[in-house]
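*Asks:* Next comes the sequence, and after it the predicted model I'd like to discuss.
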Amino acid sequence: MNDDPLLARLAGLAVEAPAGLLDRIAARWIAVPSPIGELSVAWTARGVAYVHQGDGFTAAFRARFGRPLLPATRPPAGLVPALRTGRPSGPALDLEELGDFQRDVLRAVQAIPRGEVRPYAWVAARAGRPGAVRAVGTALARNPVPLLVPCHRVTRADGALGEYVFGPAAKQRLLLAEGVDLDRLDGLARERVFYLASDTTGVVCFPTCHNARRITPAHRHGFRTLGAARTAGYRPCRTCRPDLQAA
Amino acid sequence: MDCLDPVQKALLDDLDGGFAELYGAHRDVVFSTALRLSGRWADAEDLAAETFLRAYRAVAGYDAERIAALRTRPWLLTILMNIWRNCARAKSRRPPLDLREEPVDTVDPREGVEEAAMRRETGDELTELLALLPEEQRLAVLLRHVSDLPVSEIATVLRIPEGTVKSHVSRGLKRLRTLGGVR
């Protein structure tokens, strides 16, 4: 019937679907190693969207994203090293499906360096909502990309590690793996010390700040509150920003 | 179960694996139809992606019986047609914000110069003529002769009797020949 030139020309209007179309629809996934065991990771064309530990990955992804999930043969560039080292130069993230507040919270958490911890109130302030400390906890409990957005580095103001998406034991393992001295932090918390100041620089820091870790014992002063440190003449560190939280 | 096609079998077996089969079997017809409906490459990508996404979300809620009864191609094209109609309706409802009309662009940026030149000769003139047809004739001709659907499936997609499909197709073709002859 394609002897008819009109029909042949109409048939010629059919085209092949572009190669990149599937990536706009489906996510890809792969299992990768991490310091807390094997993780399932899913990503879209925009970046990594979901990191899951344990059973029920497919069902959890489907419930959360409503998008087809196809197996990949290799992980996105940079994913495996980012999970292993906890350094921030990981793969791009796809946080499109999240609300503005949760996205702001995750961005704030991304600023916490490897080997350091910050309280929930600090994250709330950095996300631009200093009063929303509890909401920060909820947002982190629903962090779709743990490890890549290091919510394990957010701990309670009283020195306890607090909750974690993959459970408190995983939080502890991750912090120890990146060199946080949990025994020392625990010891300071028992003495009600949550800030460390140096009388040579006149600066007060969070105890895990790399500036605080350099203070020699002879020049180190512990404080329970930032207000007390300020009264004693110390200014908040410009690196770890202990002043970034409601008083 | 013998009457099931491979796509249905795969969907019954595993939703995500089945989706890959569904996409592989129908991506070209869905994209071609989307392109010739919307007239623009970027819109066609949006339409086709949204169609497959909605299809996936729908089938996730279907039981085995419903999947077994599915005629996947007309089902997908019905979804596409619904999205397209809703978009067209939404567009006509709100006044254009920008008076600068974007250039009509059916060009794939990855398409080669030669291919583009050839397509322009065979494609653009014909799509212009198609745009002159009344909508029911245009859709029938498009689904029958561009998307290559049988009349029975077109009847499902357009929700009209088969006889009506045939008459829209033949009137549309006749009109295209007249219009083409005039030029």
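*Replies:* That came through, no problem.
*Asks:* What is the neighbour count of A:Arg103?
*Replies:* Residues lying near A:Arg103 (other C-beta atoms under 10 Å in any protein chain shown) number 17. Just so you know, the C-beta spots here come from the backbone N, C-alpha and C atoms, and that holds for glycine as well.
*Asks:* typed the wrong thing, it's A:Ala19
*Replies:* By other C-beta under 10 Å, the residues close to A:Ala19 number 8.
*Asks:* repeat for B:Val29
*Replies:* 21.
*Asks:* pLDDT value on it, please?
*Replies:* B:Val29 is assigned 97 on the pLDDT scale.
*Asks:* Tell me the helix or strand right after the helix or strand hosting A:Asp183.
*Replies:* Using DSSP states H and E, A:Asp183 sits in helix A:182-190. Beyond helix A:182-190 in the direction of the C-terminus, DSSP H and E gives the next helix or strand as strand A:195-198.
*Asks:* send the alpha carbons of that following strand over as PDB?
*Replies:* Output in PDB follows, covering the C-alpha atoms of strand A:195-198 (Å, rounded to 0.1, in the frame of the first residue of the first chain):
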ATOM      1  CA  TYR A 195      32.300  24.100  73.400                       C
ATOM      2  CA  LEU A 196      36.100  24.300  73.500                       C
ATOM      3  CA  ALA A 197      38.000  27.600  73.500                       C
ATOM      4  CA  SER A 198      41.700  28.400  73.000                       C
END
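*Asks:* sorry, back to before: what does the helix holding A:Asp183 rub up against?
*Replies:* A:117, A:158-161, A:172, A:175-176, A:194, A:196, A:207-208, A:222 (C-beta atoms under 8 Å, 6 or more residues apart in numbering or on different chains).
*Asks:* A:Gly37 and chain B, how far apart?
*Replies:* 24 Å (C-beta to the nearest C-beta, to the nearest Å).
*Asks:* Pull out the CA atoms of the helix or strand that contains A:Val105 and give them to me as CSV.
*Replies:* Using DSSP H and E, A:Val105 maps to helix A:100-110. Output in CSV follows, covering the C-alpha atoms of helix A:100-110 (Å, rounded to 0.1, in the frame of the first residue of the first chain):
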residue,chain,number,x,y,z
ASP,A,100,12.0,23.3,50.1
PHE,A,101,12.6,22.9,53.8
GLN,A,102,13.9,19.4,53.5
ARG,A,103,16.2,20.4,50.7
ASP,A,104,17.5,23.4,52.7
VAL,A,105,18.2,21.1,55.6
LEU,A,106,20.1,18.6,53.5
ARG,A,107,22.2,21.4,51.9
ALA,A,108,23.0,22.6,55.4
VAL,A,109,24.1,19.1,56.4
GLN,A,110,26.3,18.9,53.4
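*Asks:* and the helix or strand just after that helix, how far out from the chain's middle?
*Replies:* Going down the chain from helix A:100-110, the next helix or strand is strand A:118-119, by DSSP H and E. Strand A:118-119 has its C-alpha centroid displaced from the chain centroid by 13 Å (C-alpha atoms, centre = their mean, to the nearest Å).
*Asks:* most centrally placed residue in chain B?
*Replies:* B:Thr33 (2.6 Å; C-alpha atoms, centre = their mean).
*Asks:* for the closest residue in space to it that isn't next to it in sequence, what are its contacts?
*Replies:* In space, and not counting its chain neighbours, B:Thr33 is closest to B:Ser147: 4.7 Å by C-beta to C-beta, 6 or more residues apart in numbering or on different chains. B:Ser147 is in contact with A:14, B:29, B:32-33, B:36, B:77, counting by C-beta under 8 Å, 6+ apart.
*Asks:* and the spatially most central residue of chain A, backbone torsions?
*Replies:* For chain A, the residue nearest the mean C-alpha position is A:Val149 (1.7 Å; C-alpha atoms, centre = their mean). In this entry, A:Val149 is assigned phi and psi values of phi -100, psi 110 (degrees, to the nearest 10).
*Asks:* Just list the residues touching it, thanks.
*Replies:* A:93, A:106, A:109-110, A:143.
*Asks:* just A:Thr138 next, same as before
*Replies:* For A:Thr138, counting by C-beta under 8 Å, 6+ apart, there are no contacting residues.
*Asks:* quick one, helices of the chain?
*Replies:* Since no chain was named, I'll use chain A. A:5-11, A:21-25, A:57-65, A:79-85, A:100-110, A:120-126, A:133-141, A:168-177, A:182-190, A:210-213, A:226-231 (DSSP state H).
*Asks:* hm, I was asking about chain B
*Replies:* B:6-13, B:15-38, B:41-60, B:64-68, B:72-93, B:113-119, B:125-131, B:135-141, B:151-158, B:162-182.
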